[in-house]
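In: quick one, fold the following:
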Amino acid sequence: MNIEQTVSAAVAGLQLGNTFTLDDLRHTVQDRRHRRLRIVELADLDTHDGLCALWFVADAEDIVIHARSDSALHRQQFVLHELAHMILGHCDGDDCTVGEALLPNIPPYTRGRLLSRQDLDSETEIAAESLADRLAAGIRGAMFAESAYSEVFG
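Out: Model prediction:
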């Protein structure tokens, strides 16, 4: 299956329709993963550091930590990219385990996620960004549907 087919199947599998809110998406991801999902901005993390967001898997919850940005859309894209990894099942199971010798005090799942982020041209990263773009379009569609935007701007 190619990336576009994978992304389309993932969007359809969410069963959110064409428009939805970020809260709708967050609740759906929580329900599907049977885990609490927290999204936290880390004020000291800046995109100039080369890191936009991280997905940590704790014992009972998923935590997405994202960098600060003056643009709300930019921050949203950071978060959507990490949610896309969850939705696509990236790193589920043992796919991302890294030898304990490298980072013994960090859980294997988290080690794998942190270390695998270096390959931005991988199919996994491209699929996550493509899905994040599709999710952003659904959220934008909900914002426009809930407002008089189309009436005003056509």
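In: only C-alpha atoms, please: export stretch 15-23 in CSV.
Out: Coordinates of each C-alpha in stretch 15-23 appear next as CSV, following Å, rounded to 0.1, in the frame of the first residue of the first chain:
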residue,chain,number,x,y,z
GLN,A,15,-14.8,7.9,11.4
LEU,A,16,-14.8,11.6,12.1
GLY,A,17,-16.2,12.7,8.8
ASN,A,18,-14.8,15.5,6.6
THR,A,19,-14.7,18.1,9.4
PHE,A,20,-13.9,17.8,13.1
THR,A,21,-12.2,19.7,15.9
LEU,A,22,-8.9,19.1,17.5
ASP,A,23,-10.8,18.0,20.6
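In: mind listing what's buried along that stretch?
Out: Buried residues in stretch 15-23, counted by 16 or more other CB atoms under 10 Å: 16, 19-20, 22. All C-beta spots, glycine's among them, are computed from the backbone N, C-alpha and C.
In: residue 56 - that's part of a strand, no?
Out: Yes - Residue 56: assigned to a strand according to DSSP: H, G, I helix; E, B strand; the rest coil.
In: for it, give its distance to residue 82.
Out: 10 Å (CB to CB, to the nearest Å).
In: any common contacting residues for those two?
Out: Residues touching both residue 56 and residue 82 (CB atoms under 8 Å, 6 or more residues apart in numbering): residue 64.
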